[in-house]
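> here are the coordinates; sequence isn't available:
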């Protein structure tokens, strides 16, 4: 009874968002209440607008305002390579490096029996459909080095290799600037396994 | 150009909220995009609803859905005492103790020349108007023990005392469970000044 009905609903809504705890939710809710009507309308419009305009690219499944997305529509990019990633945030991380010029495919998740995520819930069908095109020469599996990401990469490798397309996996190892002393056992083992002659 | 136009607008909107940094803003924006249309509509309705329904109590200026608010309308509460606080959050903190049964008055800020907050921007006129009523016997100044809070308390005390009403200030001292060793000099000095005979 400390908070009125619509205020506690607002607090609960913020609490459901990722990384927002009880105290932050209260702070955000009071912030909304203290805004002018114009400011609140701007918040509402920004959310509505983003949700309406942003959808999935029909080719790579990444978030986009145009279909196909700017990357898929860019003829200067290497049309023979597809980098498979778990989320749009991963695409942004790789794009920031300005070192990759191929195409992408976003799965929107990873296979996870624990969370009831099965392969058919990911954008795998769409990927296989793209691979039927002769242009694709290599698929780079860049899912996360987690149990789920690894499982997804293994699953995709088994599916794609028989199609005669080169399948590669990003290297796991000691991060640049990292310290062997603080790296975990599994990472060190991976780095040793994947060592290469100089 | 990493984020599309409406996505970066959404990220910027979240960044303006209190306690939300760049990474959290991105996370929240992607969370909105990944929601179903129904979920986004629920978010929009919750914000709109809270903003529409919640307004200031015409008596104590606290946030409320009914006017006058539940506390002002509660005849069982001590009608002769008003506790003056800076924000609605402070009222909730005091209500949680279940030890105060008087009325409140929320100033919505504190006098702060640094931030260009002058007395006329606070709900001080409304407080003085309430004090014209003979019922009020005591005003407890419970603004924060900050420079601004202290200045506001001093300002109000000078304004209210000549009206023949008892004015008191909450005690500043060592917090319960606190440690003298770690308390700052000003707090220890205050605690010594405000010592009382046992």
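That came through, no problem. Predicted model, so just to flag it, every value in this text is computed and none were measured. Residues are numbered from 1 along each chain as shown, chains lettered A, B, ... in the order given.
> which other helices and strands contact the one helix or strand residue A:38 maps to?
Using DSSP states H and E, residue A:38 falls within helix A:37-53. Helix A:37-53 is packed against helix B:5-15, helix B:22-34, helix B:37-53, with contacts defined by 3 or more Cβ pairs under 8 Å, 6 or more residues apart in numbering or on different chains; DSSP states H and E. Where C-beta positions appear, they are placed from N, C-alpha and C, glycine not excepted.
> Which of the residues in the helix or strand harbouring residue A:158 are classified as buried?
Following DSSP H and E, one finds residue A:158 within helix A:147-160. Buried residues in helix A:147-160, counted by 16 or more other Cβ atoms under 10 Å in any protein chain shown: A:148-153, A:155-156, A:159-160.
> Check stretch A:108-123 too.
Neighbour count says stretch A:108-123 has A:108-112, A:117, A:122-123 buried, by 16+ other Cβ under 10 Å.
> Any chance of these in CSV with secondary structure as columns?
Shown next, in CSV, are the buried residues of stretch A:108-123 (DSSP: H, G, I helix; E, B strand; the rest coil):
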residue, secondary structure
A:108, coil
A:109, coil
A:110, coil
A:111, coil
A:112, strand
A:117, strand
A:122, coil
A:123, coil
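> Residue A:142: which of these is nearest?
Nearest to residue A:142, judged by Cβ to Cβ, of those is residue A:110 at 11.5 Å.
> That closest one contacts residue A:122, doesn't it?
Yes - using Cβ atoms under 8 Å, residue A:110 is in contact with residue A:122, at 7.3 Å.
> what do those two both touch?
Counting by Cβ atoms under 8 Å, 6 or more residues apart in numbering or on different chains, the contacts common to residue A:110 and residue A:122 are residue A:152.
> just to revisit the earlier point, farthest pair within the buried residues of helix A:147-160?
The most widely separated members of the buried residues of helix A:147-160, counting by Cβ to Cβ, are A:148 and A:160 (18.3 Å).
> Mind telling me which residue is nearest the centre of chain A?
The residue lying closest to the centre of chain A (Cα atoms, centre = their mean) is residue A:87, at 1.1 Å.
> Contact partners for that one?
Applying Cβ under 8 Å, 6+ apart, the residues near residue A:87 are A:106, A:108-109, B:30.
> Next SSE downstream of the longest strand along chain A?
As assigned by DSSP state E, the longest strand anywhere in chain A is strand A:78-85. Where DSSP H and E defines the elements, the next helix or strand beyond strand A:78-85 is helix A:88-96.
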